[in-house]
Each structure stands twice: as C-alpha cells, then as structure tokens.
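Peer 1: I would like the atomic coordinates for the input below:
(4 chains)
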Number of protein chains: 4
Amino acid sequence: MTRKPVVGVMGGADVGAEVCALARELGKRIAERGWVLLNGGRDSGVMRASAAGAHEAGGTVIGILPDADTSRATPDLDYAIVTGMGDARNLINVLTSDVVIACPGGAGTLSEVALALNNGKHVILLGWDAGAAFEDFRRGGLLTTAKDPEDALAQAKETLPRAGHHSQPG
Amino acid sequence: MTRKPVVGVMGGADVGAEVCALARELGKRIAERGWVLLNGGRDSGVMRASAAGAHEAGGTVIGILPDADTSRATPDLDYAIVTGMGDARNLINVLTSDVVIACPGGAGTLSEVALALNNGKHVILLGWDAGAAFEDFRRGGLLTTAKDPEDALAQAKETLPRAGHHSQPG
Amino acid sequence: MTRKPVVGVMGGADVGAEVCALARELGKRIAERGWVLLNGGRDSGVMRASAAGAHEAGGTVIGILPDADTSRATPDLDYAIVTGMGDARNLINVLTSDVVIACPGGAGTLSEVALALNNGKHVILLGWDAGAAFEDFRRGGLLTTAKDPEDALAQAKETLPRAGHHSQPG
Amino acid sequence: MTRKPVVGVMGGADVGAEVCALARELGKRIAERGWVLLNGGRDSGVMRASAAGAHEAGGTVIGILPDADTSRATPDLDYAIVTGMGDARNLINVLTSDVVIACPGGAGTLSEVALALNNGKHVILLGWDAGAAFEDFRRGGLLTTAKDPEDALAQAKETLPRAGHHSQPG
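Peer 2: Now for the predicted structure:
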C-alpha cells in the first residue's frame, strides 16, 4: 500500500493578488509532482487559489472545513472533510499533512505553523518570515524558508521520503 | 464542480467474520457505483473489511483516524485524515458523509448513529436494529433499515440526489 | 488534593415540563451532596433546569458549550467552558464526568450515552430506557436504570469512590 | 448572574525556574483579585506553577487537559476538563478565557497566542516578545506586552469589563 504524499498548504483567507498567484503556482506544481494538496477548504484566499492551481494541473485536493457543512467550500475540492469544529480543524490540517508549506496569512496561519511544529512536522515558509518567536525551530531545522514554489517543493521532497506514505508512530 | 458522493460506513472494530464479510461486500458495491467510501480508518473489523472491499473494486477510500498518526491505519486507505481527537472524530465521520450506513458494532457505532441523526443525516442500518431509543427517527424517516448491501445502496441512492455533491447549508 | 466528584447530567434541550422538573430535582440533590454538576451549558431543557436546581441548593455548575461564545449559556453556570466544536463537545461532557446520569432526550443525549459507555463511564438512565441497542452494556453493569433522582444518586455514589477525585488512567 | 472573570495563563511545559517563579506569582495575583485561573492543566512548567500560585492564595483553577483522563493533571486543579483531543484543546483554552496572558513557552504556547488573536481575544505577553509575525496585532492593540505580573493584571483588568462575565456574541 502506498498512499500519495500529502502536502499541506496554509495561508490567509484575506490576502492580495500576489499571494494568491503564488498559492496557485504552488498548487499547480504540487499536482504536477503527483502529490495530494491539502488545505483549509474555504472559498477564499490561499485556500481557493491553491486548490484551483492543483486542479488546473489535474491534481487531487482535500479541504478540511471548519464549518458543519460544505456551503463555504471552494469548488476545486475533490474531498471536503466537514469538521464543524472551527479553528480546532487547524490541528487536523497539519497532522494529516506529511509536510506543511505556509504562504503569508494572519493569525490562523500562524496557529497552523505553531501546531505543525509542536507536532514535529516540517514547515516551509514561502514568501515571508515568521520572525524571532520561531527561531528555535529554525535552528533545529524543522522550520525552513523557501524563495519560490519550486524551492519549497524541493525542500518538501527532502522531507517526504522520511514522512510520506509510510506509517509513522507519533 | 461535482464532488463524488461520500457514503460513510460505520460499524464495530471487534466484530465476527460474518459482519466483516457484509462490510466487505458493502464496500465493494459502493466502489462499483463510483461513490467514495468513508470510514474510521483503523485496521480492524468493519473499517478494515469495508476498505478492502472498496479497493478490490477499484474504489476510493477515506479514513478519519482517531489517532495522532497513521500507525494504526488500515492499508486500504487512499486518504488518511489524522485527527488526534479520539472519539471526537466520530462527528467528522458523519458530517463528511452524504449518507451513513451502519453495520453492527458497539457503543462507538451507536454514537455515530446518534451523531448522524442529530445532524440531520440519513442513517441506514444494515444487519441489525437500533431498537426503541431511536424509534422517533424511524417514524420520521431519517433512520431506515436495509436487508442486504444492495438494499442499503438503493436506499442511499434515494438520499444522495438530495444531499450528494451540492453545497448544503447546515 | 481532592477534587470534588463531577456528575454529568445529560438530557434533551427540547423536553416537556415533567422532564424539566425531574432535571431540576436531580440538580438540587447533586448540589446537596456537595458534588459538582456538569452539563451541556445551554439555556434550554435539561441543561437549564438541572443548572437552576443545583444553584438553588448552592451548588457548583460547569457547562460545556458547543458554541464559540457564551451567548447561549444558561445563567446558572459558574464556569462556562467554550469549545466552539458543536457536538464534538459531547465527548468532553462524558470524559470530564466521573459518572453520567442521562435524563430523557433526543439523538444528542443518545450520542452522549454511547460515547460515555465507549469510554468506560458508568451511565445511569433516569426516567427512560435506552432499549435493545445498549443491552450488552446493561448486562455488563456499565449501564443501569434509576427509578427517581434519589435512586440515581445512590447508584452514582457507588461509582464515585472508584472513579471520583483520584487520577485514573484511561 | 455574574460569572467570575476567567484569565487564561499559557506558557511552556518545559521551562526554567525563573519562568516557573513568574507563573506562580502571576497565578497568586490572579487569585487575589478574585478571578478564575485557567490553564492547560498538566503537571509541569507554567501549568503546574500558575495553578500552585493560585491555590496558595485561595483561588480557583480550571485545567483543560489534552488527555482522555486525569492521570497527568496537576494536583492544584479545582476542575479538570478532560478533552481527549490533544492540541485541539488549545482552542478551548483561549475561547474559554476572557483574556489570555502568555508566559514564555514553545510552539504550543505560540499556537495559543495565534488562536486567541484569531478569535478576537486580547493577549498579554509576559516576559517575552512574539516578534515580527504578530506585529499587526500589536499595532491593532489586541496584542500587548507586560513588564511584570502586576502590569499584566492591570492590562487584563482593562479588558475584563468589556469581555468578562457578560454574555458575548462571537
């Protein structure tokens, strides 16, 4: 049994056109590599853009929704996981991802970066810097920075053989 | 955008060979219809058997795991959603399903039947009866009984056009 | 260190005057014994009535709210735990209780009975019967029936010395 | 009905003696003001120290446990809320608090700061700085810094009349 690697893409719901373009490009490249894209599933910002990019390239998209139904889901989801748990679903986003790529966002994105690191997941920052608060994780190598989507995927690939589709005790 | 219908299959982790055979047959027939099978993802009982049956027929399987990693996931999952929330994931199982088919099981299965009904989901009992406690829902039509997997799927199909791949306010 | 025993009172949000009177009496007697009352915290049905009864007798009430704020909390809570997780908070209700007393209710109450039993908690049904689906737990003694509030508390007391204020591995 | 204000104290499980002393002093002063202390409930670091400080001064302590039982609870809890949800309980910590004071900690603490801000809660940093990633919230006034426990409580008091024991739509 080999499940495909799952790359979590986090980022803001309320971001500008430049960040959306970045997220779309990232989603496209994830799909081109044959990896599954996971995000927060809503129809705005990085969630919408990364899902659209992955679909454009024929990829598979899983959205983990905070709501109790799919009314706010972005159309480009293949699988809409309905949690009804608000921001508690942020933990599911990162636990389900083999590696996390974080685009710019607000406090929700920061919570996902922190929850991922707290649960031993490699986090790759794309297009921003998390600053001093996360410095220990940078030194330890669990938090890295990518200069563009291709660099992010190259870094993700380094992590995936270790964390990818094999069972992993927590 | 058309997401495939998601059929949740609930049932015990510790059940006999007859129930496992039933779950496997059910999984197979769900896949043959082109529907997605969702279950609790662990490598035992109805979860393992229904996933195996769906895979045997080339279908897609989503497992919603109670654990914080995939170490107890059944091999026949295409997508392993890692919640780390124990039985709280039972709510996600039913909210994510367009319709729920419940095979025999224990208290965990009963909690999923109850959570599904409490959130307005159609529950089809396959091979058992939930008894007096759930009688109001039977009278209201939200809870029905199927005599075999094919009957369960016929009943599920009646629900899916209403609840399937369209957005639905909760 | 001795934490006071916590008695969870479950039951419907939409029940008649007779059930509310029963819940109020139950809350009062829990408080008179010096035990803490825990319920789902909302301002209706068994939640409202049991909290009012406990407060009437000078007791302490914890409400575990499904909402993301306290706007629907019943006034008679000393502590309002805000989960924002909808029915997923039903699991917290039963895990936090040393023993669970279930008044009549709907599918939400049934989910709490099932989740409690699935997690090894003693459940006492007051004023109703859960029927055949839960028969195994009745035979095993984890599920019992009480004929009135005083009987329920006598049964709860039997459980509390074992489960009460001591640490208990899960 | 007037519930007492709830002050959430976050901070690391694995911190040095100086941070523990700070947390203990903070807990003591929260209790002296008649406020309820809420924390993550485990028997280490800031959780243990702040609970001990509050109890020393006769205060009330609520712990929101990540585990499915109370085996790792710190002894100085009056109420142990058992979630069984791991880090998903971090959301409950902040939603239940009227105001959040964050002592130094690791990624878990950072996740609580981020979740609090994302849900509109005032966060007061005591003894550290969250850095550039949270700068927007500092400018907006939702994130502030305190130079010592007394300063933190003075700032908390400014928030409590607005957010404290009244019902508040989310």
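
Peer 1: may I have the phi/psi pair for A:P66?
Peer 2: Dihedral pair for A:P66: phi -80, psi -20, per degrees, to the nearest 10.

Peer 1: number of residues surrounding it?
Peer 2: 21 (other C-beta atoms under 10 Å in any protein chain shown). To be clear about C-beta, it is placed using only N, CA and C from the backbone, and glycine gets the same treatment.

Peer 1: also the one 10 residues further on?
Peer 2: The criterion is other C-beta under 10 Å. On that basis, A:D76 has 24 neighbouring residues.

Peer 1: spatially nearest residue to it (excluding sequence neighbours)?
Peer 2: Of all residues not flanking A:D76 in the chain, A:A51 sits nearest, at 3.8 Å (C-beta to C-beta, 6 or more residues apart in numbering or on different chains).

Peer 1: near chain B, which residues of chain A show up?
Peer 2: A:1, A:3-4, A:6, A:36, A:62, A:64, A:67-71, A:73, A:75-85, A:88, A:91-92, A:95-96, A:119, A:167-170 (C-beta under 8 Å from any C-beta of the partner chain).

Peer 1: filter those residues to the buried ones?
Peer 2: The neighbour count (16 or more other C-beta atoms under 10 Å in any protein chain shown) marks A:3-4, A:6, A:36, A:62, A:64, A:67-70, A:73, A:76-85, A:88, A:91-92, A:95-96, A:119 as buried among those.

Peer 1: just those: which are in strands?
Peer 2: A:6, A:36, A:62, A:64, A:79-82 (DSSP state E).

Peer 1: state the mean pLDDT of stretch A:60-80.
Peer 2: For stretch A:60-80, mean pLDDT is 98.

Peer 1: how about the strands in chain A?
Peer 2: Using DSSP E, strands in chain A cover A:6-10, A:36-39, A:61-65, A:79-82, A:99-102, A:123-126, A:143-146.

Peer 1: now the ones you listed in JSON lines, with distance to chain C?
Peer 2: JSON lines is the format used below for those (distance: least, C-beta to the nearest C-beta, whole Å):
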{"stretch": "strand A:6-10", "distance to chain C": "19"}
{"stretch": "strand A:36-39", "distance to chain C": "20"}
{"stretch": "strand A:61-65", "distance to chain C": "12"}
{"stretch": "strand A:79-82", "distance to chain C": "11"}
{"stretch": "strand A:99-102", "distance to chain C": "23"}
{"stretch": "strand A:123-126", "distance to chain C": "24"}
{"stretch": "strand A:143-146", "distance to chain C": "28"}
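
Peer 1: residues of chain A that sit close to chain D?
Peer 2: A:85-88, A:90-91, A:106-108, A:110-111, A:113-115, A:117-119, A:129-134, A:136-137.

Peer 1: okay if I get the strands of chain A as TSV plus distance to D:D14?
Peer 2: Shown next, in TSV, are the strands of chain A (distance: least, C-beta to C-beta, whole Å):
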stretch	distance to D:D14
strand A:6-10	26
strand A:36-39	30
strand A:61-65	29
strand A:79-82	33
strand A:99-102	23
strand A:123-126	20
strand A:143-146	18
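
Peer 1: now A:G53: closest residue in space, sequence neighbours ignored.
Peer 2: Counting by C-beta to C-beta, 6+ apart, the residue nearest A:G53 is A:G27, at 3.0 Å.
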